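Participant: Okay, here's the prediction I keep looking at, along with the sequence it came from:
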There are 2 protein chains.
Amino acid sequence: MPRNSAAEARKTREAIVARATDVASVAGLEGVTIGRLASDLGMSKAGVIGQFGSKAELQMAALDAASQAFVEAVWTPAADKAPGLPRLLAIGDAWVDYVARPPYEGGCFWTAVSTEFDTRGGPVHEAVRERGQQWRKVLRREIASTIDAGDLPTDLDPDQALFEFESIPMGLNQSIQLYGDTRAPARARTALRRVLGVET
Amino acid sequence: MPRNSAAEARKTREAIVARATDVASVAGLEGVTIGRLASDLGMSKAGVIGQFGSKAELQMAALDAASQAFVEAVWTPAADKAPGLPRLLAIGDAWVDYVARPPYEGGCFWTAVSTEFDTRGGPVHEAVRERGQQWRKVLRREIASTIDAGDLPTDLDPDQALFEFESIPMGLNQSIQLYGDTRAPARARTALRRVLGVET
DNA sequence: CCTACCGATCGGTAGG
DNA sequence: CCTACCGATCGGTAGG
């Protein structure tokens, strides 16, 4: 039984998850080890794992937290905009900002984790896949309603645009993290507009 | 001293490296463990690590092998083509084929390893970065000479085109490996042509 | 949330 | 390229 109150336990849990997302952005979700979190946080291993039960549950909690932070940073600000091109570009630009100035040590959490788990089985793989597909559906809907609004070329294929749109933040993350290319964010913004067939 | 001849030692080394690249495509280069390779290959751990000296050297050897295989699959066939658009499109299409039907269990080795090591220090990070930059230079040169040949719109910015061109195989790998999207290769081919401003 | 502990596996080495 | 071994760390548990 914990000696701390429920409120203190929740704060501890949040600190563990915050550290886990940071470590995962650098070393991947498999690189998040209970011993390392314990050492980083000045806790015992039993204290770290106690609230989660298993490493897989801790990984899921980190994935949940990072997904929520992503949506808040990229989708929530755009939700205020009018549906159509203004909202779609707001999403794209916020996404570029998020990848260019990520809240984690190792850059975009999602890029790190989605490539890490793309070909592995198990519950974390399924969770990553589901989160990604949810986001894809959101983007697909925004692109389709932008076409409906008459804001995009009528011959634009929404699935083709979605494929290209999604690829850009991945290329951006590599340009920044691997090559340190400071001009990449501007190129990504230009690329998003080219994909949509709108003027820069 | 090994009991085997030099030729046998070389064959053993090749088998170790081949298994290592396969494992790395799924579990990353850190997921390549000496014990697992030994078990997969029916060898002792000392036998696996003996020819390399350290895990980092084994990782480097796997990286070298995968880089060589990539160049042979993507660049070598295109080298026969005329410089300009035919060669550039041959590179792009071979790249799409390579990502769509990769010779490794876990899909594109490069995508897995470059995101794994993008924000870590150390010799493997440096090697990944150098290999990537070499390939970028090759692509940059092909794009520039295609513009010089008059095969592309004169207002095309080669660095912008390079950024977009490179992003596509990354998006393709995710669409295939994470989402199992069988229409993604065709979309990637279309995207490469759109990036270059040529008709489909 | 701690101490103390478990079996398994990690990278690597000595010696043949 | 093998056996036998090293200290360190892994995820996790018992008991408080």
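Facilitator: Everything's here; your move.

Participant: Could I get the contacting residues of residue A:119?
Facilitator: The contact partners of residue A:119, by CB atoms under 8 Å, 6 or more residues apart in numbering or on different chains, come to B:25-26, B:105-107, B:177. Where C-beta positions appear, they are placed from N, C-alpha and C, glycine not excepted.

Participant: export these to a markdown table and tack on pLDDT, secondary structure and distance to residue A:95?
Facilitator: As requested, those are exported to a markdown table (pLDDT from 0 to 100; DSSP: H, G, I helix; E, B strand; the rest coil; distance: CB to CB, whole Å):
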| residue | pLDDT | secondary structure | distance to residue A:95 |
| --- | --- | --- | --- |
| B:25 | 96 | helix | 27 |
| B:26 | 95 | helix | 28 |
| B:105 | 91 | coil | 31 |
| B:106 | 90 | coil | 26 |
| B:107 | 91 | coil | 24 |
| B:177 | 95 | helix | 21 |
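
Participant: Could I get those in CSV, plus columns for neighbour count and distance to residue A:150?
Facilitator: As requested, the contacts of residue A:119 are arranged in CSV below (neighbours: other CB atoms under 10 Å in any protein chain shown; distance: CB to CB, whole Å):
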residue, neighbour count, distance to residue A:150
B:25, 26, 45
B:26, 19, 46
B:105, 14, 46
B:106, 22, 43
B:107, 23, 39
B:177, 24, 36
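
Participant: where does residue A:4 land on pLDDT?
Facilitator: Note on residue A:4: pLDDT of 66.

Participant: for residue A:154, same thing?
Facilitator: pLDDT, residue A:154: 88.

Participant: again, but for residue A:8
Facilitator: In this prediction, residue A:8 carries a pLDDT score of 87.

Participant: tell me the centre residue of chain A?
Facilitator: Centroid-nearest residue in chain A, with CA atoms, centre = their mean: residue A:110, separated by 4.1 Å.

Participant: Can I get the helix or strand hosting that one in PDB, CA atoms only?
Facilitator: Here residue A:110, judged by DSSP states H and E, is contained in helix A:109-117. The C-alpha atoms that make up helix A:109-117 are tabulated as PDB, following Å, rounded to 0.1, in the frame of the first residue of the first chain:
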ATOM      1  CA  PHE A 109       8.100  11.300 -30.200                       C
ATOM      2  CA  TRP A 110       5.800  10.000 -32.800                       C
ATOM      3  CA  THR A 111       8.400   9.500 -35.500                       C
ATOM      4  CA  ALA A 112      10.700   7.700 -33.100                       C
ATOM      5  CA  VAL A 113       8.000   5.400 -31.800                       C
ATOM      6  CA  SER A 114       6.100   4.700 -35.000                       C
ATOM      7  CA  THR A 115       9.200   3.400 -36.800                       C
ATOM      8  CA  GLU A 116      10.300   1.500 -33.800                       C
ATOM      9  CA  PHE A 117       7.000  -0.400 -33.500                       C
END
